[in-house]
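Chemist: 3D, please:
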Amino acid sequence: MTKKTAGYVKMLWSCPRCATRNPGPQKFCNGCGGPQPADVPFEQAPEEKLLTDAAEIARAKAGPDVHCPFCSGRNPATAKFCGVCGGDLSSGKARDAGKVAGAFRSAPAAPVTCARCGTSNPGSSLKCSNCGASLAPAVAPPVAAAPAAPARPASRPPVVLILILAGLCGLAALAALLFASRKTEVIGEVNSIAWERSVAVEALREVDREAWQDEVPAGADLGACREEYRYTSQDPVANSTEVCGTPYTLDTGSGYGEVVQDCVYEVYDDLCSYTAEEWTVVDTLVSNGAAGLPSWPSLSLAANERQGEQAESYTVVFQTDDRRYTYTPSSASEFTTFSIGSRWILEISGFGSISSLQPAP
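Modeler: Below is the predicted model of the structure:
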């Protein structure tokens with residue numbers, strides 16, 4: 001995914017002493033004159049406009065500001081010595097940067113009413129146009145807490161109940177395991193047998209297909225092509241369309257925010273119809289029986305035909321004293337060991353299926 005810069009905006013910071021909101025690049029509070037402490041974060045402005053001044057954009061790109069290790073003064077990333085005390089900034093702490101402030105606020109902010117004089121001000125204003133008071137968001141006064149009710153212990157199921165439930169679950173699991181592993185032996189007589197074998201017949205036929213142009217088989221007759229979406233690339237490539245998400249503001253640590261978008265690239269390509277000859281199933285020959293040795297159906301292939309896939313299935317039904325069981329041999333050689341009337345010892349699983357068998361003495 002490509003991160004694309006749309007531009008830079010000014011952020012704000014709120015003075016912890018007087019609550020005045022100040023422009024992000026400003027190092028000292030407009031209300032009380034105090035410096036911005038290192039732990040006071042930058043905030044997203046209620047209304048953001050992309051910067052056009054080259055000098056401001058350069059400052060935004062310079063990197064996070066650095067606080068002096070001696071006096072905590074805030075300095076630009078390019079400074080080597082503190083502008084307040086002259087101290088060496090080589091061991092200074094850079095402000096945090098890269099945090100997402102929020103979606104880019106390009107729409108006009110709602111008007112702000114001054115808490116002191118009631119004047120309505122544009123949403124982007126930091127001070128009241130009438131009385132000069134700070135337009136910091138009002139903070140609701142703390143509400144006196146009601147006397148706390150005595151803590152009521154959380155309701156917990158009795159330990160005995162938990163142990164009983166755990167025991168029941170364990171018993172159920174054990175019973176299921178025992179049931180599955182339980183095996184019984186019965187004598188079964190082969191009541192019926194059946195087999196079926198099939199062979200597909202394939203012929204070369206013209207078929208109409210669609211494929212990306214670079215995947216059309218050699219020798220095929222190419223038809224009409226149309227441009228379609230094929231895949232998404234993280235980087236720009238030929239014949240791609242840029243698709244970007246909602247712009248959002250990143251704190252650069254300098255009092256400015258970088259407005260970015262996460263972009264991907266939808267790649268389009270030619271999807272084409274074509275006609276080609278393919279081996280296609282045109283018939284399926286079947287032979288089956290309820291006795292005798294299994295055999296494959298006879299084939300009589302034309303010049304443009306060939307033998308396709310083969311399939312086979314076998315079934316043996318046993319009759320016991322009280323029910324019937326169906327068994328499926330895995331091969332023709334196993335199937336031929338069964339004959340009508342022969343007796344077998346059947347091992348029956350707890351689920352009622354034949355798990356193994358052997359001829360009865």
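Chemist: which parts of the stretch 51-200 of the chain are helices?
Modeler: Assigned by DSSP state H, counting those that start in this stretch, the stretch 51-200 of the chain shows helices spanning 54-61, 159-181.
Chemist: in the shortest one, what counts as buried?
Modeler: Within helix 54-61, the residues scored as buried using 16 or more other C-beta atoms under 10 Å are 56, 59, 60. Quick note: C-beta positions are derived from backbone N, CA and C, even for glycine.
Chemist: next one: stretch 108-126
Modeler: In stretch 108-126, counting by 16+ other C-beta under 10 Å, buried: 112, 114, 119, 121, 123, 124, 125, 126.
Chemist: redo these as a markdown table? Include distance to residue 18 and pLDDT.
Modeler: Below are the buried residues of stretch 108-126 laid out as a markdown table (distance: C-beta to C-beta, whole Å; pLDDT from 0 to 100):
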| residue | distance to residue 18 | pLDDT |
| --- | --- | --- |
| 112 | 17 | 90 |
| 114 | 16 | 91 |
| 119 | 20 | 93 |
| 121 | 18 | 92 |
| 123 | 21 | 87 |
| 124 | 20 | 86 |
| 125 | 17 | 89 |
| 126 | 13 | 89 |
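Chemist: sorry, back to before: let me know the closest of the buried residues of helix 54-61 to residue 287.
Modeler: Comparing those against residue 287 with C-beta to C-beta places residue 60 closest, at 82.1 Å.
Chemist: how many residues are close by the residue lying closest to the closest one once chain neighbours are set aside?
Modeler: Excluding the flanking residues, the one nearest residue 60 by C-beta to C-beta, 6 or more residues apart in numbering is residue 256, at 3.5 Å. When neighbours are counted by other C-beta atoms under 10 Å, residue 256 registers 24.
Chemist: helices of the stretch 201-350 of the chain, start to end?
Modeler: Ranges of helices in the stretch 201-350 of the chain, per DSSP H, counting those that start in this stretch, are 332-335.
Chemist: distance check, residue 170 against residue 159.
Modeler: 16 Å (C-beta to C-beta, to the nearest Å).
Chemist: dump the residue contacts of the closest residue to residue 186 other than its chain neighbours.
Modeler: Of all residues not flanking residue 186 in the chain, residue 320 sits nearest, at 4.8 Å (C-beta to C-beta, 6+ apart). Listed by C-beta atoms under 8 Å, 6 or more residues apart in numbering, the contact partners of residue 320 are 186, 187, 188, 189, 346.
Chemist: distance of residue 320 relative to residue 342?
Modeler: Distance, residue 320 to residue 342, using C-beta to C-beta: 14 Å.
Chemist: kindly report the same for residue 300.
Modeler: Look at residue 300 and residue 342: by C-beta to C-beta, they are 37 Å apart.
Chemist: neighbour count winner among those two?
Modeler: The neighbour comparison of residue 300 against residue 342 (other C-beta under 10 Å) goes to residue 342, with 15 against 7.
Chemist: ranking the helices of the stretch 51-200 of the chain by mean pLDDT, which is last?
Modeler: Mean pLDDT values for those show the minimum at helix 159-181, a mean of 74.
Chemist: mind listing the residues bridging to the residue nearest to residue 60?
Modeler: Here residue 256 sits in beta bridges with residue 10, going by DSSP bridges.
Chemist: one more: residue 22?
Modeler: Beta-bridge partners recorded for residue 22 (DSSP bridges): residue 13.
Chemist: my guess is it contacts residue 29, does it?
Modeler: Yes - Residue 22 lies in contact with residue 29 (C-beta atoms under 8 Å); the separation is 5.7 Å.
Chemist: need the residues touching each of the two.
Modeler: Jointly contacting residue 22 and residue 29 under the rule C-beta under 8 Å, 6+ apart are 15, 36.
Chemist: contacting residues for residue 43?
Modeler: 11, 12, 13, 14, 21, 101.
Chemist: can I get those residues in JSON lines including distance to residue 227, neighbour count and pLDDT?
Modeler: Putting the contacts of residue 43 into JSON lines (distance: C-beta to C-beta, whole Å; neighbours: other C-beta atoms under 10 Å; pLDDT from 0 to 100) gives the following:
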{"residue": "11", "distance to residue 227": "43", "neighbour count": "25", "pLDDT": "97"}
{"residue": "12", "distance to residue 227": "47", "neighbour count": "19", "pLDDT": "97"}
{"residue": "13", "distance to residue 227": "50", "neighbour count": "21", "pLDDT": "97"}
{"residue": "14", "distance to residue 227": "53", "neighbour count": "19", "pLDDT": "95"}
{"residue": "21", "distance to residue 227": "51", "neighbour count": "21", "pLDDT": "93"}
{"residue": "101", "distance to residue 227": "39", "neighbour count": "21", "pLDDT": "95"}
